[in-house]
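Colleague: Here is a sequence together with a model predicted from it:
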Amino acid sequence: MAGGSSEGKKRALRNFIEAFNTGNMKLLDGVVTDSTTYTFLGTTRLAGVNNALKTIDELGKSAFPEGIKFDIKQIIVDGSFGCVRWEDFATKDGRKYHNYGVFFVEFDGNRIRRLWEYIDYERFKAFFDYDHIQRKIGDSVFE
């Protein structure tokens with residue numbers, strides 16, 4: 001499926017973020033397919049090139065069981081590529097999480113074919129895997 005419109009692609013990116021914000025995976029219908037890949041960098045068990053639907057579901061259940069909220073800062077679409085720059089916030093067992101990053105995507109029409117997530121993976125790993133300390137962005141470990 002080639003083509004698609006710039007507005008259709010921006011809508012797909014907004015729906016993708018809103019699915020995370022609300023937990024309503026129906027928003028991914030027509031946006032993410034069974035063959036969409038989600039590349040998650042870093043060293044957590046989620047790292048690698050994965051099935052997007054499975055990864056989104058696992059992130060929601062294991063990393064952010066109390067939910068996560070993305071604040072979209074910018075959406076850019078250029079031909080068959082696009083990106084969303086954001087900040088996110090979550091809590092888990094009383095622990096606060098705050099990060100920032102970019103989803104970079106390749107489209108097939110208005111559907112996401114491939115997705116890459118770029119975040120501060122150390123902050124995510126500390127929250128997801130082992131650390132009970134979250135520093136504010138910009139704080140130094142040496143202070």
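Modeller: The structure has been received and is ready for your questions.

Colleague: For the longest helix anywhere in the chain, name the packing helices and strands.
Modeller: Identified as the longest helix of the chain according to DSSP state H is helix 6-22. Judged by 3 or more CB pairs under 8 Å, 6 or more residues apart in numbering; DSSP states H and E, the packing partners of helix 6-22 are strand 68-78, strand 81-92, strand 95-108, strand 111-119. No exception for glycine: its C-beta is placed from N, CA and C like everyone else's.

Colleague: Report how many residues lie close to Lys54.
Modeller: 12 (other CB atoms under 10 Å).

Colleague: Report the separation between it and Asp29.
Modeller: When distances are taken as CB to CB, to the nearest Å, Lys54 and Asp29 turn out to be 16 Å apart.

Colleague: try Glu117
Modeller: When Glu117 is compared with Asp29 (using CB to CB), they lie 21 Å apart.
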